[in-house]
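Asker: A structural model of the following input is requested.
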Amino acid sequence: MNFYPPIPTSQSPLKLVLRPTLQRQCLVIGGSRLAAAIARSVLAANAVVTLVSQRLCKELAVRSARGEVGWLERQFEERDLIGKDLVFVVDEDPTWVVESCRQSRIWVSAVRHPDLGDFSISHEPVCEQDDTPVLLEPSLRQTPSRTPSPAPPRLPGTLTLVGAGPGSPDLLTLKALTALKTADLVVSDRLVSPAITRLVTCPIQFARKVCGRAREAQDEIYKWTLNAVKEGKNVVRLKGGDPFVFGRGGEEVLFFRKCGVECVVVPGISSSLAAPLYAGIPVTHRGVADQVVIATGRKEDGSAPTYPPYHPQRTSVFLMAMGCIDRLSKTLVKDLGYPPECPVAVIEKATCEEQRVVKGTVESIAGLVSGLGITSHATLVVGGVVEALAPEEDEWSDERSSVTVDLDVDDTWSSATVVND
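Answerer: This next block holds a predicted model:
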């Protein structure tokens, strides 16, 4: 496990002996730097840590963003004791917490009032007037040591691979938002929406991925990220959608692992599912589609991948398909059995204020996309579900080959107005 980098100090180390034979469930009530020192120590003993606090110091915020500790963002409640083995009361009045723990037969330490608890922790007073993490060196060992261990060397920074979702900042996960707020540097993909990058308060660098230099841009990303991690910074690698859904996230994890840096991966909502939803299209619907296939429109070199064949109960969702939509649509009809009249929708800039939905058929969609100038940042949905929620008067016909839906994304797709082309 990567621990938060300690800061050299002359203070005595935190001393608590806990045998790391079982994954004990520990509750730490508080979010201060003293609470961080206790969390750091019990983590070293292979414990599972849950924090209860309305605020966290920077170290605990980083640990929470990386998934090392759980965080309940509120005051302590008695139900928090369920399943816990040890409780540390740091930043709240310990009286009633101690009483509740004893009724539940759970060992409790009132850290700032050691006479109240069942056990105590020996430590020097901690100054909490600044944000610099204090070194209360973990010394949780199988057997006590008479001599404190020397402070470990400063470790490199951290790297968190964060999925930014389809575009709307409202769809960021809480863990993603915490990672962005506690980062020292964010390295972002170019297509991450400005509404999300505006949330970043630290320096941000954008990948300069354009047609013809994707490899060079990826190498640049690796260089920026590694240099910052080696400097001890907490780096967020921000990627659109979900990092592991056609986002090269797995490739980046393997690359950084070879360089000695282990990524924490924070999932994001993929546009392959969110874009149809915001267009009023269910990717599965009883009696219409009982399976979903998510595919890419093109390989890295621009060539065609293996596209999914037609099945009447299948929804096919294509990402990165706008640059090859003419080839794709022809291949679906000619080689893979898709009916020319099979319903299709293209959702551009899904969940953003500029979202557009264009509906047509496999046969007509390439011309519609070209005429509207849609070139990227769009999701292609093929199958009967495109019509599943359409009112009867808007059923497809040869006379009505396309429909454009302009959405008010703040009121969700249900408030969409339909404009016939």
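Asker: can you list the weak-confidence ranges in the stretch 151-300 of the chain?
Answerer: Counting by pLDDT under 70, the stretch 151-300 of the chain shows low-confidence ranges at 151-156, 209-213.
Asker: which parts of it are strands?
Answerer: Ranges of strands in the stretch 151-300 of the chain, per DSSP state E, counting those that start in this stretch, are 158-163, 185-188, 204-206, 234-239, 263-266, 291-296.
Asker: would you format these as JSON lines with mean neighbour count included?
Answerer: For glycine as for every other residue, the C-beta is placed from the backbone atoms N, C-alpha and C. As requested, those are exported to JSON lines (neighbours: other CB atoms under 10 Å):
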{"stretch": "strand 158-163", "mean neighbour count": "27"}
{"stretch": "strand 185-188", "mean neighbour count": "23"}
{"stretch": "strand 204-206", "mean neighbour count": "16"}
{"stretch": "strand 234-239", "mean neighbour count": "27"}
{"stretch": "strand 263-266", "mean neighbour count": "22"}
{"stretch": "strand 291-296", "mean neighbour count": "17"}
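Asker: between those strands, which gets nearest to residue 32?
Answerer: Checking the strands of the stretch 151-300 of the chain against residue 32 by CB to CB gives strand 234-239 as the closest, at 19.5 Å.
Asker: got the CA positions of that closest one in CSV?
Answerer: Only the C-alpha atoms of strand 234-239 are listed here, as CSV (Å, rounded to 0.1, in the frame of the first residue of the first chain):
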residue,chain,number,x,y,z
ASN,A,234,-0.9,14.1,-6.1
VAL,A,235,-1.7,13.8,-9.8
VAL,A,236,-5.1,13.2,-11.4
ARG,A,237,-5.2,11.8,-14.9
LEU,A,238,-8.6,13.0,-16.1
LYS,A,239,-10.3,11.1,-18.9
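Asker: export the strands of the stretch 151-300 of the chain as JSON lines, with columns for distance to residue 357.
Answerer: Formatted as JSON lines, those follow (distance: least, CB to CB, whole Å):
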{"stretch": "strand 158-163", "distance to residue 357": "23"}
{"stretch": "strand 185-188", "distance to residue 357": "26"}
{"stretch": "strand 204-206", "distance to residue 357": "28"}
{"stretch": "strand 234-239", "distance to residue 357": "24"}
{"stretch": "strand 263-266", "distance to residue 357": "29"}
{"stretch": "strand 291-296", "distance to residue 357": "18"}
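Asker: for residue 69, find the nearest of the ones you listed.
Answerer: strand 263-266 (12.3 Å).
Asker: and that closest one, which strands flank it?
Answerer: strand 158-163 (parallel) (DSSP bridges).
Asker: and the partner strand with strand 234-239, angle?
Answerer: 20 degrees (axes from the mean of the first three to the mean of the last three CA atoms, to 10 degrees).
Asker: could you export strand 158-163 as PDB, CA atoms only?
Answerer: C-alpha atoms of strand 158-163 as PDB (Å, rounded to 0.1, in the frame of the first residue of the first chain):
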ATOM      1  CA  THR A 158       0.200   9.500  -6.100                       C
ATOM      2  CA  LEU A 159      -1.600   9.000  -9.400                       C
ATOM      3  CA  THR A 160      -5.400   8.700  -9.700                       C
ATOM      4  CA  LEU A 161      -7.100   7.900 -13.000                       C
ATOM      5  CA  VAL A 162     -10.400   9.600 -12.900                       C
ATOM      6  CA  GLY A 163     -13.400   9.100 -15.200                       C
END
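Asker: what does that strand rub up against?
Answerer: 2, 62, 65-66, 173, 176, 179-180, 183, 225, 229, 234-243, 247, 249, 252-253, 256, 261-270 (CB atoms under 8 Å, 6 or more residues apart in numbering).
Asker: so which residues of the stretch 201-350 of the chain form helices?
Answerer: Secondary structure of the stretch 201-350 of the chain by DSSP state H, counting those that start in this stretch: the helices cover 214-230, 249-258, 271-278, 325-334.
Asker: so which of the ones you listed is nearest residue 77?
Answerer: Taking the helices of the stretch 201-350 of the chain one by one with CB to CB, helix 271-278 is closest: 33.4 Å.
Asker: what's next to the closest one, contact-wise?
Answerer: Taking CB under 8 Å, 6+ apart as the rule, helix 271-278 contacts 165-167, 171, 240-241, 245, 282-283, 294, 315, 317, 319, 345, 347, 350-351, 355, 379, 381, 385, 407, 409, 412-413.
Asker: using neighbour counts, trim those residues to the buried set.
Answerer: Neighbour counting by 16 or more other CB atoms under 10 Å classes 165-167, 171, 240-241, 245, 283, 294, 315, 317, 319, 345, 347, 350-351, 355, 379, 381, 385, 407, 409, 413 among these as buried.
Asker: any figure for the gap between residue 67 and residue 386?
Answerer: Distance, residue 67 to residue 386, using CB to CB, to the nearest Å: 37 Å.
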